[in-house]
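Asker: Sequence and predicted structure are below.
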Amino acid sequence: MKDSSSFFSVEDGRLVWRREGELLTLEAWGESSIRVRATLNRELVDAPQALIGEPARVESSRAAIDARGAVLRRGRISASVGPHGRVCFSRSADGQALLEEVEWYPVHPPLLPKSREFRAWGGCSSGGSLYHMEVRFKAYEGERFYGLGQHRHGLLDQKGAVVELLQRNAEVSIPFLLSSRGYGFLWNNPAVGRVELGANGTRWVAEAAAQTDYLVTSGSYREILSEYADLTGHAPKLPEWAAGFWQCRLRYESQEELLAVAREYARRGVPLSVIVVDFFHWTRFGDWRWDSGRWPDPEAMISELQDMGVRLMVSVWPAVSPKSENAAVMKERGWLIETNHGPNLLYTFMDTYEERPFSVHMYDSTNPDAGEFVWRRVKESYYDKGVRVFWLDACEPEMSRIEPENLRFHAGPGLQVANIYPLMHERAFYRGMKGQGETEIINLCRSAWAGSQRFGAAVWSGDITSNWQTFRAQIKAGLNIMMSGIPWWTTDIGGFHGGHVGDPDFRELLVRWFQYGAFCPLFRLHGFREPAERDPTPRGAPNEIWSYGEDCCRIFTDYIFLRERLKPYVMEQMAEASRSGVPPMRPLFFDYPDDPGCCAVVDAFLLGPGVVVAPVVLPGARSRAVYLPAGTSWKNAWTGEAVPSGEEFEADAPLERIPVFFQAGCPLDLLSRQETS
């Protein structure tokens, strides 16, 4: 029998295994991470991926090769490779198994599928062929999975789920998960695919890629997310103004209408941080400039808002109308997403002054020249007139038919690279702002990918429905995206579709959602309210805090002032997120992993280490069950009274109050209420 060590070598600082045409490499990354790549091509290619920086050379880690295989150690994690290339991960300290590729037997015909499979795909890539790829791992009883971006499935623990790896409206695909077994896993690949988190195994699938590429990190939840931030980029420090209240609706039709709303907030003495100009303020999709008929003097508008302490955020879409003044040059220079079959008109929608829906292109954000061109147009029309906050809407990108197999990007075929689109779009705006000397950069985005946080991406949860079921799912979606490395997150308070302004049931839902929003990293009211106008372009009913009657307005106002009192604490948590990668909003088990009661809580959360928030998520409820971490002392934030820990109790929740609890010694005070008009 051939000595297994003959399949292994150390080359260019990597542990390398070659056998039967497959190339496998292991590299040490960060303090306690190992990156694994494998291909049937003769060499690895420089494919789009999430990691920044450089790997640590094997010599600076610990590598050993013998007759049984090879072992690579890096900090808290070790990886062993058997003679047939099976990779297993364990804790360096005690050898405890963390994650293992499935066992298989090299017999003919094969009895079991290989741990890594490559199937021929019809496309090609610079440097080698593309393959449909699958990597299989063992399943472990009791393992729980968190992260994977933001999804509508309503799950916190995603064990048992099949999660699509594809960007959609309200489905943010970030291929990073946290395991309760003490490891983090990054599928370092923007290909379209899926992850199956089954009871009998875990399978990661890429529909088209040149190589498998994944990274495993070991440690506590805190250590893993800190290392993930080091490897994919830290979020900037959140600007303090962004921690206040954001007013938005679909949509303000004119400069005067928007200013009237801002003036009313000022008249009422209610703090307002941001107000938003939504879509169709432009001349055409892809012109990226104001419609001067309705927005005649943006500079004067921005100046008046600044005098009131309010920032203006403006919606920018990646869509390009064939009638746009920029369409011809973008087509000529290859700056639009192309298609293999049919015209590259990817989205059918209304546009300003169009009588009926028509189809538009999408610019190719993976082409750096295209991104720079879009930023230049945006700079001339918006930035140079004073706009400093951008809403990067529909940046999945939005398409009427989601067929990535028919798309061609500058970076490669659609199936290979489509998921990286939002990150590259965000990068273009971030670099553009940086180039102008800006230091407080935040862009509100409907999608993201691994590493988007380093480009100032604040993600919101898309065009969700206005109902209680969706509200409950939002709590879990927000916690999972927090554990995917995105610390800046918000939701459309009240949901986007379907809330009728005059409906008492919707008003109750809106109050409960508003209370929850006051404790989210970003606090933003938005929605397409009924009764709405839809012809020729969509416009919802009013959505200001006074639009829902005086009783609701009084509650909303109280929570806006509560947020102002929370602001210093929120900013402390956001600074910590920027520094360490620890999310500001997190499940109770994140800080208390050994408390089984905390692991069972799916609809309450920690805001930083000292505050537990328990939203009311059922209609008509005026109390709810709460569990607080055992072995710690807590008090009711509203009454100051001590409450039980380590056991479930019923907390009062009248309509005007969300159950909130402070750790004993926490200096925060919710009781000092501002008088409201």
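Answerer: Okay, I see it.
Asker: got a list of what residue 430 touches?
Answerer: 441, 443, 455-456 (CB atoms under 8 Å, 6 or more residues apart in numbering). (C-beta placed from N, C-alpha, C; glycine too.)
Asker: so where's this structure uncertain?
Answerer: Within the chain, the segments meeting pLDDT under 70 span 1-3, 122-128, 671-677.
Asker: let's go with 80 and repeat that
Answerer: The model of the chain has pLDDT under 80 over residues 1-4, 58-62, 109-110, 122-128, 535, 667-677.
Asker: circling back to that earlier point, including secondary structure, distance to residue 388 and neighbour count, could the contacts of residue 430 go into TSV?
Answerer: Listed next are these as TSV, based on DSSP: H, G, I helix; E, B strand; the rest coil; distance: CB to CB, whole Å; neighbours: other CB atoms under 10 Å:
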residue	secondary structure	distance to residue 388	neighbour count
441	coil	8	20
443	strand	10	23
455	helix	16	25
456	coil	12	25
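Asker: which one of those residues is nearest residue 370?
Answerer: The closest of these to residue 370 turns out to be residue 455 (CB to CB; 16.4 Å).
Asker: picking up where we left off before, for residue 76, state which of the contacts of residue 430 is nearest.
Answerer: Distance to residue 76, by CB to CB, is smallest for residue 455 among the contacts of residue 430, at 28.7 Å.
Asker: That closest one touches residue 427, doesn't it?
Answerer: Yes: shown here, residue 455 and residue 427 form a contact pair, counting by CB atoms under 8 Å, at 5.1 Å.
Asker: quick revisit: export the contacts of residue 430 as CSV, with columns for distance to residue 133.
Answerer: Below are the contacts of residue 430 laid out as CSV (distance: CB to CB, whole Å):
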residue, distance to residue 133
441, 36
443, 32
455, 28
456, 32
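Asker: Report the secondary structure state of residue 556.
Answerer: Following DSSP: H, G, I helix; E, B strand; the rest coil, we place residue 556 in the helix state.
Asker: Send over the strand or helix carrying residue 258 as CSV, restricted to the C-alpha atoms.
Answerer: For residue 258, the host element (DSSP states H and E) is helix 255-268. The C-alpha trace of helix 255-268 is given here as CSV (Å, rounded to 0.1, in the frame of the first residue of the first chain):
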residue,chain,number,x,y,z
GLN,A,255,-40.2,68.9,-1.9
GLU,A,256,-43.0,70.9,-0.3
GLU,A,257,-44.8,67.8,1.0
LEU,A,258,-41.6,66.3,2.6
LEU,A,259,-40.7,69.7,4.2
ALA,A,260,-44.2,70.0,5.6
VAL,A,261,-43.8,66.7,7.4
ALA,A,262,-40.4,67.6,8.8
ARG,A,263,-41.8,71.0,9.9
GLU,A,264,-44.6,69.2,11.7
TYR,A,265,-42.2,67.1,13.7
ALA,A,266,-40.3,70.2,14.6
ARG,A,267,-43.6,72.0,15.6
ARG,A,268,-44.5,69.1,17.9
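Asker: After it, which helix or strand is next? Please name it.
Answerer: Once the chain leaves helix 255-268, the next helix or strand it forms, by DSSP H and E, is strand 274-277.
Asker: which helices and strands does the helix or strand just after that following strand pack with?
Answerer: The element immediately downstream of strand 274-277 (helix or strand, assigned by DSSP H and E) is helix 298-307. Applying 3 or more CB pairs under 8 Å, 6 or more residues apart in numbering; DSSP states H and E, one finds that helix 298-307 contacts helix 255-268, strand 311-316.
Asker: Point out the most buried one among these.
Answerer: Comparing the helices and strands packed on helix 298-307 by mean neighbour count (mean count of other CB atoms under 10 Å), strand 311-316 ranks first with a mean of 23.
Asker: Next, the angle helix 255-268 makes with that strand.
Answerer: Orientation of strand 311-316 against helix 255-268 (axes from the mean of the first three to the mean of the last three CA atoms, to 10 degrees) gives an angle of 150 degrees.
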